[in-house]
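Undergrad: A predicted structure for the sequence below; I have some questions about it.
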Amino acid sequence: MKVAVYGAGGVGAYFGGRLAQAGADVHLIARGDHLDALQRDGLRVESVSGDFSMELPATDDPADVGRCDVVLFTVKSFDTEAAAREVRPLLGDDTAVVSLQNGLDNETKLAAEIGREHVMGGVAYIFSTIAEPGVVEHTGGPTSFTYGELDGARSDRATRFLEWCDRADGMDAELSESIQTDLWEKAAFICAQAGMTATVRLPLGEIRSHEESWEMYRRLIDEVCRVGRATGAELRDGTVSQWMDFADDLGADSYSSLHYDMTHEKPMELEALHGTVVRRGRENDVAVPMNEAVYAILQPWAQRNA
Ligand SMILES: NC(=O)C1=CN([C@@H]2O[C@H](COP(=O)(O)OP(=O)(O)OC[C@H]3O[C@@H](n4cnc5c(N)ncnc54)[C@H](O)[C@@H]3O)[C@@H](O)[C@H]2O)C=CC1
Ligand SMILES: CC(C)(CO)C(=O)C(=O)O
């Protein structure tokens with residue numbers, strides 16, 4: 001199985017590294033200092049599931065890699081369109097480009113550039129960042145992703161990829177037959193987890209211990225579920241309480257990639273998260289006051305870091 005990781009950062013290099021450990025032919029696409037370090041020193045992953053280092057081919061030019069079976073597409077959502085324009089050299093007739101990004105529009109943007117037949121949706125559950133160039137730090141989370149064909153088909157390429165994922169240690173993968181539902185459900189969770197940890201600027205444990213803050217966390221989830229249903233997505237009953245139970249079990253020191261980016265002066269995915277919910281809420285006449293509040297509070301940070 002030949003795999004390219006387009007945007008080999010916290011998420012992509014972690015899962016790509018694990019697939020390489022399982023024997024997949026993995027190629028990293030990165031840029032800047034991180035690429036220089038990957039080429040010079042290899043990839044180092046410092047992980048709660050076990051550290052590892054490996055030499056993997058790394059480049060900023062997809063033409064060096066050529067056709068792949070699977071492309072893990074893991075750039076930040078504000079880089080989706082630019083990166084999608086560069087993906088073509090990686091595509092054979094049956095190549096799947098699997099977005100593991102946060103946000104609701106990445107698959108549509110990818111499809112517009114490379115054709116819907118190449119795109120699979122996906123959602124990742126992991127806490128992982130580039131700690132320094134060439135070094136990815138994985139601090140926890142379920143360390144899993146769910147992916148699937150946009151039309152829900154259990155295709156040969158999707159099941160073949162699952163077999164490879166199942167061989168890998170330190171990660172779990174699930175093949176979904178309703179990835180649109182998964183995307184909305186993940187959006188509901190991430191708008192709460194990212195929204196609260198970034199606005200409050202404290203870890204989840206301290207948010208949980210205040211009744212009003214914990215209620216706001218719940219309302220953020222609930223609002224996104226309402227918007228999702230208004231757009232026609234089939235969210236499962238009990239999604240809000242399931243996420244609240246999930247968040248109850250997360251480590252007290254959990255934050256989010258949005259909080260990380262905000263506090264490290266990096267561009268933020270605010271538009272892909274709360275910005276999208278606010279816009280879709282308006283379009284569908286669904287009130288989203290909690291998401292509007294998060295969006296308003298974080299705007300100055302998003303502008304400052306852009
Ligand atoms: N970090 C986390 O724990 C989680 C992140 N996510 C989502 O996964 C996606 C990726 O996030 P991270 O891995 O944290 O981002 P990251 O910033 O660590 O990695 C993305 C990498 O892609 C590179 N890149 C962007 N455009 C490129 C291009 N055209 N050519 C080559 N390299 C390019 C960037 O320089 C960066 O190194 C985001 O949508 C994020 O919200 C989802 C779950 C957890
Ligand atoms: C769900 C969560 C919080 C970690 O998997 C995430 O997606 C992020 O930090 O961006």
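TA: Now that the structure is in, tell me what you want to look at. Numbers count the residues shown, from 1 in each chain. Ligands and ions are numbered 1, 2, ... in the order given.
Undergrad: Identify the spatial nearest neighbour of the most centrally placed residue in the chain, chain neighbours not counted.
TA: By C-alpha atoms, centre = their mean, the chain has its centre lying nearest to Q101, at 3.0 Å. Distance criterion C-beta to C-beta, 6 or more residues apart in numbering; nearest residue to Q101, sequence neighbours excluded, is S77 at 5.2 Å. For the C-beta atoms, the positions are set from N, CA and C on the backbone; glycine is no exception.
Undergrad: To what extent is that neighbour buried, counted in neighbours?
TA: Residue crowding around S77 was assessed by other C-beta atoms under 10 Å; the count is 20.
Undergrad: follow-up on the earlier one: quick one: residues contacting the residue nearest to the centre of the chain.
TA: By C-beta atoms under 8 Å, 6 or more residues apart in numbering, Q101 lies in contact with 73-77, 80, 122, 272.
Undergrad: wait, which of the residues you listed is closest to Y255?
TA: K76 (16.5 Å; C-beta to C-beta).
Undergrad: per-residue pLDDT, that closest one?
TA: Predicted confidence (pLDDT) for K76: 98.
Undergrad: what about the residue lying closest to it once chain neighbours are set aside, which helix or strand?
TA: Leaving aside its sequence neighbours, K76 sits nearest to E269 (C-beta to C-beta, 6+ apart; 5.8 Å). Assigned by DSSP states H and E, E269 falls within no helix or strand.
Undergrad: looking at it, E269 is touching D261, isn't it?
TA: Yes: contact criterion C-beta atoms under 8 Å: E269 and D261 qualify, at 7.2 Å.
Undergrad: Pick out whichever of the two has more residues nearby.
TA: Using other C-beta under 10 Å, the more surrounded residue of E269 and D261 is E269, with 24 against 21.
Undergrad: Model confidence score at that one, please.
TA: pLDDT, read off for E269, is 98.
Undergrad: for V277, same thing?
TA: For V277, pLDDT reads 98.
Undergrad: Not counting its neighbours along the chain, what's nearest it?
TA: N291 (4.5 Å).
Undergrad: what's the average pLDDT for stretch 234-246?
TA: Mean per-residue pLDDT for stretch 234-246: 96.
Undergrad: ok, and for that stretch, which residues are buried?
TA: 235, 239-240, 243-244 (16 or more other C-beta atoms under 10 Å).
Undergrad: Near ligand 2, which residues of the stretch 101-250 of the chain are found?
TA: Applying C-beta under 6 Å from any ligand atom, one finds that the stretch 101-250 of the chain approaches ligand 2 through 102, 125-127, 141, 190, 193-194.
Undergrad: still on that earlier bit, want to throw the contacts of Q101 into JSON lines with secondary structure?
TA: Listed next are the contacts of Q101 as JSON lines, based on DSSP: H, G, I helix; E, B strand; the rest coil:
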{"residue": "F73", "secondary structure": "strand"}
{"residue": "T74", "secondary structure": "coil"}
{"residue": "V75", "secondary structure": "coil"}
{"residue": "K76", "secondary structure": "coil"}
{"residue": "S77", "secondary structure": "helix"}
{"residue": "T80", "secondary structure": "helix"}
{"residue": "G122", "secondary structure": "strand"}
{"residue": "A272", "secondary structure": "helix"}
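Undergrad: Having no further points to raise, I will conclude here.
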